[in-house]
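Participant: Just to be clear, the model below is a prediction. Sequence and coordinates:
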Amino acid sequence: MSKEFVAVIMAGGTGQRFWPLSTAEYPKQFLDLERKGRSLLQATYDRLLPLVISKEHILVVTGSRYADLVKEQLPELADNIILEPVGRDTAPAVALAALTVEARFGNSLMGIFSSDHRVGKVAAFQQTVKDAIKLTQETKGLTTIGIKPSHPATGYGYIQVGAPINEYGYKVSRFVEKPNKQTAEAYLTSGEYLWNNGIFLWYTDTILWELSKFIPELMSKLNEAFMNDNVSEVFAHLPKISIDYAVLEKTQKASVVAADYDWDDLGDWGVLERLLPNQDNLNTVVGKHIGIEASGNIIYTTHEDDVVVTLGVKDLVVVKRGNTVLLVPKDRVQDIKKLLADERLSQVVLD
């Protein structure tokens, strides 16, 4: 536990690929997908709380429309919410968080954590964050956590590991975008690459300096707005850019801690096959299902009285929420966003 450590939870996403369970009004970070009694946001808070000296050192960045949801699920953080007037990707959100943390606590070691990740082996996760804190204190640079890959995933960005700094930290050679299957297999074979899981640690003065260096237009506008207390009027006009592209891919100060805890970014419905045991080694089911000659399906219902019945089908995702049913091949779940662009869905009422 470090007295100067402040954890910032990013909770502004919309989780579109988990529709119809996740919606713009109630996105996936507020859901308990595995029905364990705590939402993804609450579980994130639970594993970070032992790492800070008090709950006051945990802040949540979220959209204005989700402020009440955060207060409902984490009432203890009601005064620790940083509101994004509109979504402008992660660089403006990180900048606003760094300005807020520095104004509240002075120059602090700030960690950035996603609210919609699943983490197993929580003790191992917490030890990794402690190692990242120590590495950041030593280097005064920008630290990320990389996950040792277990398979050639094409849905994650990667980090190429460079020279060692100490027994658990390394220089970053480069950040690379999501690869194709062949490239991902080469990364896995080489042993030089880690999955980029989007956790970052740095001192507030360091990240604010780097942001001002690489995206000065954004920082000049945001600094002025922050000092004049009119962020809501300026935020929508800031560049829409990720912190990875804005800073991390350009900086010379990046280092990485290699982690080996269970992690998943819960990108779409297909993740349930990795997280939940198959029913009779045939289908992954949350809710009630009766199947004959059905295999490889992912089935999810929200009401305890709902039953999905299948015959002779395989490799489908079937989600029933109220009066709405989603039916899609597993290999097309990435395309659910296309559905949401159809104006006919605006007439669908989910209950």
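Facilitator: Noted; the coordinates are in hand.
Participant: Any buried residues in the top strand by length along the chain, and which?
Facilitator: For the chain, the strand that runs over the most residues, judged by DSSP state E, is strand 193-203. Buried positions in strand 193-203, judged by neighbour count with 16 or more other C-beta atoms under 10 Å: 193-203. In short, each C-beta sits where N, CA and C put it, glycine included.
Participant: low-scoring pLDDT stretches of this structure, where are they?
Facilitator: Counting by pLDDT under 70, the chain contains low-confidence residues at 1.
Participant: Quick one: the helices in it, in order.
Facilitator: 40-48, 67-73, 90-105, 122-139, 181-190, 204-214, 216-227, 231-234, 243, 271-275, 336-340 (DSSP state H).
Participant: Out of those helices, which is closest to residue 250?
Facilitator: helix 204-214 (5.4 Å; C-beta to C-beta).
Participant: returning to that earlier point: alpha carbons of the longest strand of the chain, in CSV - could you do that?
Facilitator: C-alpha atoms of strand 193-203 as CSV (Å, rounded to 0.1, in the frame of the first residue of the first chain):
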residue,chain,number,x,y,z
TYR,A,193,5.2,-10.0,-26.5
LEU,A,194,2.6,-9.4,-23.9
TRP,A,195,-1.1,-8.5,-24.2
ASN,A,196,-1.8,-4.8,-23.6
ASN,A,197,-4.5,-4.9,-21.0
GLY,A,198,-5.0,-1.1,-20.7
ILE,A,199,-3.7,-0.6,-17.1
PHE,A,200,-1.3,2.3,-16.7
LEU,A,201,0.5,3.9,-13.8
TRP,A,202,2.4,7.2,-13.7
TYR,A,203,2.8,10.4,-11.7
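Participant: Can you give the strand pairings for that strand, parallel or anti for each?
Facilitator: Within its sheet, strand 193-203 is paired with strand 109-114 (antiparallel), strand 142-147 (antiparallel), strand 158-164 (antiparallel), according to DSSP bridges.
Participant: so how far is the second one off the chain centroid?
Facilitator: For strand 142-147, the distance from its own C-alpha centre to the chain's C-alpha centre is 14 Å (C-alpha atoms, centre = their mean, to the nearest Å).
Participant: swap in stretch 17-27?
Facilitator: Using C-alpha atoms, centre = their mean, the distance between the centre of stretch 17-27 and that of its chain works out at 15 Å.
Participant: buried sites along that stretch?
Facilitator: Result for stretch 17-27 [16+ other C-beta under 10 Å]: buried residues 17-23, 27.
Participant: Over to stretch 59-70?
Facilitator: So stretch 59-70, judged by 16+ other C-beta under 10 Å, has buried residues 59-63, 66, 69-70.
Participant: Next: stretch 116-135.
Facilitator: Of the residues in stretch 116-135, those buried (16+ other C-beta under 10 Å) are 116-119, 125-126, 128-135.
Participant: hmm, who's touching that stretch?
Facilitator: 2, 5, 11, 13, 15, 28-29, 34, 40-41, 43-44, 47, 50-51, 109, 111, 143, 145, 165-166, 168-169, 197-199, 201, 255, 257, 259-266, 271, 275 (C-beta atoms under 8 Å, 6 or more residues apart in numbering).
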